[in-house]
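[1] Sharing a model prediction with you, sequence too.
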Amino acid sequence: QVQLVESGGGLVQAGGSLRLSCAASGGTFSSLGMGWFRQGSGKEREFVAAIMWSGGTTTYYSDSVKGRFTISRDNAKNTAYLQMNSLKPEDTAVYYCAASFWRFGRGIADYTYWGQGTQVTVSS
């Protein structure tokens, strides 16, 4: 059973940066496709970014974060990251890490395992 633990959330001013981490355990991390999703208050969970298993040579981003956010992975540390720059108040949400073996994509259904989430709040 894969367990995912997010960290790095917090309060930041608009224009600032945060880096989220997702530490995985219980499986071979390099075999996991990883994704980040977010859910704002009163909103549905939405796709943010995804990275392919192994070397992570393929990545996907939502249009709303493309050019501002970067997803990456460090297989030696069993950790995925989401670097968030030029943050906007509309980025405020709970951010969730997700994973699946040999699979990744833009949909919630593409992922088997989910973390508990970390709150990101961007003040104007």
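    Now that the structure is in, tell me what you want to look at. What you see is a predicted model, and the numbers here were worked out from it, not measured in a lab.
[2] Setting aside sequence neighbours, what's the nearest residue to Ser124?
    Nearest non-adjacent residue to Ser124, counting by C-beta to C-beta, 6 or more residues apart in numbering: Pro89, 4.8 Å away. (C-beta placed from N, C-alpha, C; glycine too.)
[3] again, but for Phe37
    Tyr96 is the one closest to Phe37 (C-beta to C-beta, 6+ apart), at 4.8 Å.
[4] show me what contacts that neighbour?
    Tyr96 sits next to Glu6, Trp36, Phe37, Arg38, Gln39, Arg45, Trp114, Gly115, Gln116, Gly117 when contact means C-beta atoms under 8 Å, 6 or more residues apart in numbering.
[5] cool, Thr79 as well?
    Counted by C-beta under 8 Å, 6+ apart, Thr79 has contacts Ser21, Cys22, Ala23, Ala24, Phe29, Arg73.
[6] Check the residue nearest to Phe37 and give its pLDDT.
    Note on Tyr96: pLDDT of 98.
[7] Contacts only, for the closest residue to Arg45 other than its chain neighbours.
    Using C-beta to C-beta, 6+ apart and skipping residues adjacent in sequence, the residue nearest Arg45 is Gln39, 4.3 Å away. Taking C-beta under 8 Å, 6+ apart, we find Gln39 in contact with Arg45, Glu46, Ala93, Val94, Tyr96, Gly117.
[8] from those, which single one is nearest Ile108?
    Arg45 (6.3 Å; C-beta to C-beta).
[9] any idea how far that closest one lies from Val65?
    15 Å (C-beta to C-beta, to the nearest Å).
[10] Show me which of these two is the more surrounded one.
    Neighbour tally, Arg45 and Val65, criterion other C-beta atoms under 10 Å: the higher count belongs to Val65, 22 against 16.
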